[in-house]
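Student: what's the 3D shape of this:
(one chain, ligands or ions: 1)
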Amino acid sequence: MVKIGILNLQGAVSEHYDITQKAVKNMGVDVEVESVRYAEDVETCDGLIISGGESTVIGKLIHQRGIDEVIKNNDIAVFGTCAGMVLLGKKTDFDQPLIGLMDISVKRNTYGRQKDSFESPIEIFGKEYLGVFIRAPALDDYDHSKEDIKVLSVLDDEIIAIQQGPHLAISFHPELTEDTLVHEYFIRGVIGRN
Ligand code: GLN
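Tutor: I've put the predicted structure just below:
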């Protein structure tokens, strides 16, 4: 059975767990959702979701626990939101451990501090969606020579959602809405690879 892990180290983990369960139910698919904390739990996953939170903290723990190696060695599809987006990149504007699965560089806190958090309608997959931005990053740049990179959403000239192969990086928080659209997209991609 396909298994999606929700990386439970720090940040908005339970919200992702709940909306992933909801997405699986909506889709009527046979997918197991599990909260994972250590490399050996991550190893058995086909897809992994990395929540928002503090990317420096999450990145340090990922590295200490060898979770980055397990992700790469097992070709696990990763969906990162907010801090998760930062971690998926190869570069950011701060010296911190990253997983570097995607050929992107990410600007942390593009939209300012906690008090500058906002909600805005955005468009993704041809649909209107509510973007919740909390100390959100945006894309700095990506490797334009990579044919497997697809920009999924732009807001006021900033790239806020991008895909490379099975990996998905988005700067906003779908787990804080009721809408399972983005989670369903990721899950469908993971099922398609298995
Ligand atoms: N700015 C945070 C970071 O870079 C991310 C904020 C969030 O995940 N809500 O770690």
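Student: where does the spatially most central residue of the chain land in three-state SS?
Tutor: By C-alpha atoms, centre = their mean, the chain has its centre lying nearest to Gly80, at 1.2 Å. Local secondary structure at Gly80 is given as strand here, using DSSP: H, G, I helix; E, B strand; the rest coil.
Student: Cross-check the contact I'm expecting between it and Ile50.
Tutor: Yes - contact criterion C-beta atoms under 8 Å: Gly80 and Ile50 qualify, at 4.3 Å. In this view, the C-beta of every residue, glycine as well, is placed from N, C-alpha and C.
Student: Now for these two: what residues contact both?
Tutor: 87-88 (C-beta atoms under 8 Å, 6 or more residues apart in numbering).
Student: Isn't Lys22 up against Thr180?
Tutor: Yes - if you go by C-beta under 8 Å, Lys22 and Thr180 touch, sitting 5.5 Å apart.
Student: For those two, indicate the residue with more neighbours.
Tutor: A count of neighbours by other C-beta atoms under 10 Å puts Thr180 above the other of Lys22 and Thr180, at 20 against 16.
Student: What are the neighbouring residues in contact with that one?
Tutor: So Thr180 contacts 19, 22-23, 26 (C-beta under 8 Å, 6+ apart).
Student: cool, Ala23 as well?
Tutor: Contact partners of Ala23, counting by C-beta under 8 Å, 6+ apart, are 180, 183-184, 187.
Student: Shouldn't Lys72 be within a strand?
Tutor: No - counting by three-state DSSP, Lys72 is not found in a strand; it is helix.
Student: Do you know the pLDDT at it?
Tutor: At Lys72, the model reports a pLDDT of 98.
Student: Same check on Ala12?
Tutor: Ala12 is assigned 88 on the pLDDT scale.
Student: ok, so what distance separates it from Ile67?
Tutor: Distance of Ala12 to Ile67, given as C-beta to C-beta, to the nearest Å: 18 Å.
Student: Who has more neighbours out of the two?
Tutor: More crowded of Ala12 and Ile67, by other C-beta under 10 Å: Ile67, with 28 against 18.
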